[in-house]
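Asks: show me how the following folds:
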Amino acid sequence: MVLTGTTVYAATVDLNQYFAGLNVIVALVIATCKATLVVLFFMHAYYSSKRTQLIIIAGVFWLAIMLFMTLGDYGSRAWDAH
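Replies: Predicted coordinates:
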């Protein structure tokens, strides 16, 4: 409930005056914290066996690889080409 309240409060504050895109970064950090808590406690990953924890870590690692490759491709494109 605290993180949900923090999300609502962060949505009402204009953080873009300090750094462009800061609202998005704050929202994604809060969402990541909430998702981590859901996986660990509501999906019982915290109390599961080491093999299940390894599979979860491998899935997160694979997601990181895919995001890194996608963002690398996105950042290397010439957007001003005609």
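Asks: give the rounded mean pLDDT of the longest helix along the chain.
Replies: The residue-count maximum for a helix in the chain (DSSP state H) belongs to helix 50-76. Averaged over helix 50-76, pLDDT sits at 93.
Asks: so how far is that helix off the chain centroid?
Replies: Between the centre of helix 50-76 and the centre of its host chain there is 12 Å, according to Cα atoms, centre = their mean, to the nearest Å.
Asks: try stretch 47-65
Replies: 16 Å.
Asks: what separates the residue most central in space within the chain from Ser76, distance-wise?
Replies: Of all residues in the chain, the one closest to the mean position by Cα atoms, centre = their mean is Thr32, 4.2 Å from it. Distance, Thr32 to Ser76, by Cβ to Cβ, to the nearest Å: 26 Å. Every residue, glycine included, has its C-beta placed from N, CA and C.
Asks: how about Thr70?
Replies: For Thr70 relative to Ser76 (Cβ to Cβ), the value is 11 Å.
Asks: ok, the two, which is more surrounded?
Replies: Per other Cβ atoms under 10 Å, whichever of Thr70 and Ser76 has more neighbours is Thr70, with 10 against 7.
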